[in-house]
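[1] Take a look and give me a structure for this.
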Amino acid sequence: MPNANNAAIVEISQTANKFRSSIVLQFENKYIDVKSILGLFTTLLTTGTYNLHVHGPDAEDAKKAMTDVFAKHNMSVTVVND
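    Residues are numbered from 1 along each chain as shown. Next up, the predicted model:
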């Protein structure tokens, strides 16, 4: 499968880095720190559904911002409330 475009990866990482919360993307058996642009480049695909785990002091704001940026780039993400 092709990788997501570079603009999407950069924007996802930049958005995540605005927050203090831990933001982890799960795809199949892989867990990616969304603040790590290298991790996103090696794992993020344009197709597939991702689970987003967000924990921390600004988690609610981070969840909203992350779902917005994924939607902007036509990528599917589900926020896991755990």
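[2] residues of the helix or strand hosting M66 that come out buried?
    Remark: M66 resides in helix 59-72, with elements defined by DSSP states H and E. Using 16 or more other Cβ atoms under 10 Å as the burial criterion, the residues of helix 59-72 that qualify are 59, 62-63, 65-66, 69-70. For every residue, glycine as well, the C-beta is placed using N, CA and C.
[3] just stretch 19-34 next, same as before
    By neighbour count, and taking 16+ other Cβ under 10 Å as the criterion, the buried residues in stretch 19-34 are 19, 21, 23-26, 32, 34.
[4] Now the two most distant members of those residues.
    Put simply, by Cβ to Cβ the two of the buried residues of stretch 19-34 set farthest apart are F19 and Q26, 17.7 Å from each other.
[5] can you give me the helices for the protein?
    Per DSSP state H, the chain carries helices over the ranges 6-16, 37-43, 59-72.
[6] Just put those in CSV and tack on mean pLDDT and distance to T49.
    Supplementary listing: these in CSV, determined by pLDDT from 0 to 100; distance: least, Cβ to Cβ, whole Å:
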stretch, mean pLDDT, distance to T49
helix 6-16, 93, 15
helix 37-43, 83, 14
helix 59-72, 96, 10
